[in-house]
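Asks: Quick check, what structure comes out for this input:
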Amino acid sequence: MARYTGPKSKIARRFKEPIFGPDKALEKRSYGPGQHGPNKRRGKQSEYAIQLGEKQKAKYTYGILERQFSNMFKKASRMKGITGENLLQLCESRLDNMVFRLGISPTRRGARQLVSHKHITVNGEIVNIPSFQVKVGDVVGVREKSKSLEAISESLSANSKTYEWLTWDNATYSGTLMNIPSRELIPETIKEQLIVELYSK
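Replies: Numbering: from 1, shown residues only. The predicted structure is shown next:
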């Protein structure tokens with residue numbers, strides 16, 4: 001299964017955001033990577049470089065590789081509505097992202113692993129495809145045998161975030177996608193219009 005396996009702290013420092021979750025390296029050195037450190041003179045970025053950077057940021061944030069992201073953009077452009085918003089909504093509807101948002105895992109990478117290791121169900125059926133698109137009304141839960149996993153219970157007890165488009169039932173260890181979130185509700189600081197401009201060239 002294809003996934004990003006490169007350095008995480010370096011990427012987080014490049015975008016100056018904890019893309020992969022809390023990162024001590026980012027806290028200590030909140031400037032871009034490179035041997036010259038914070039004193040390196042960085043020239044003005046071209047329009048293309050800014051657009052490319054935003055696309056890379058979205059890919060790393062949601063843990064999606066190039067071909068899959070490109071196919072997702074094509075799908076978003078065929079949908080009704082604003083392409084950039086459609087793209088982020090498709091990213092948000094991925095099963096691994098849903099597991100992360102529900103608090104079953106503290107990171108998307110961890111959520112992806114839970115899905116691929118068959119710990120997660122959708123409407124009662126085990127689904128081990130992280131890119132599976134969850135639909136409105138679908139119930140995402142933890143498999144019965146996996147409810148005793150310490151990693152899952154610790155993540156749920158530490159989770160304090162709630163989202164308007166999701167409901168969580170602690171008794172059954174399951175959550176429901178109530179509706180597709182509008183752009184204002186999605187907390188990621190991604191400028192999706194720049195990604196649309198990049199792909200439109």
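
Asks: remind me, longest helix of the protein?
Replies: Taking DSSP state H as the criterion, the chain has its longest helix at helix 47-62.

Asks: tell me which residues of that helix are tucked away?
Replies: Residues of helix 47-62 classed as buried under the neighbour-count rule (16 or more other C-beta atoms under 10 Å) are Gln51, Gly53, Glu54, Lys55, Gln56, Lys57, Ala58, Lys59, Tyr60, Thr61, Tyr62. C-betas here are computed from N, CA, C, even on glycine.

Asks: next one: stretch 151-171
Replies: So for stretch 151-171, counting by 16+ other C-beta under 10 Å, buried means Ile152, Ser155, Leu156, Asn159, Tyr163, Trp165, Leu166, Trp168.

Asks: Spatially, which residue comes closest to Gly63, not counting chain neighbours?
Replies: Take Gly63 and drop its neighbours on the chain: the residue closest to it by C-beta to C-beta, 6 or more residues apart in numbering is Arg108, 5.1 Å away.

Asks: For beta bridges, what are the partners of Thr176?
Replies: Val139, Thr167 (DSSP bridges).

Asks: any idea how far Ile186 is from it?
Replies: Separation of Thr176 from Ile186 (C-beta to C-beta, to the nearest Å): 18 Å.

Asks: can you check Thr107 too?
Replies: Taken as C-beta to C-beta, the span from Thr107 to Ile186 is 17 Å.

Asks: of these two, who's got more company?
Replies: Ile186 (17 against 14; other C-beta atoms under 10 Å).

Asks: Local confidence estimate at the nearest residue to the more buried one once chain neighbours are set aside?
Replies: Spatially, and ignoring its direct neighbours in sequence, Ile186 is nearest to Leu88 (5.5 Å; C-beta to C-beta, 6+ apart). We have a pLDDT of 96 for Leu88.

Asks: shouldn't Leu88 be in contact with Glu184?
Replies: No. Look at Leu88 against Glu184 with C-beta atoms under 8 Å: they stay out of range, at 11.1 Å.

Asks: hang on, the earlier thing: just checking, which of the buried residues of stretch 151-171 belong to strands?
Replies: In strands, judged by DSSP state E, the following of these are found: Leu166, Trp168.

Asks: Now render the buried residues of stretch 151-171 as JSON lines, adding distance to Lys135.
Replies: Formatted as JSON lines, the buried residues of stretch 151-171 follow (distance: C-beta to C-beta, whole Å):
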{"residue": "Ile152", "distance to Lys135": "23"}
{"residue": "Ser155", "distance to Lys135": "24"}
{"residue": "Leu156", "distance to Lys135": "23"}
{"residue": "Asn159", "distance to Lys135": "23"}
{"residue": "Tyr163", "distance to Lys135": "17"}
{"residue": "Trp165", "distance to Lys135": "12"}
{"residue": "Leu166", "distance to Lys135": "13"}
{"residue": "Trp168", "distance to Lys135": "18"}
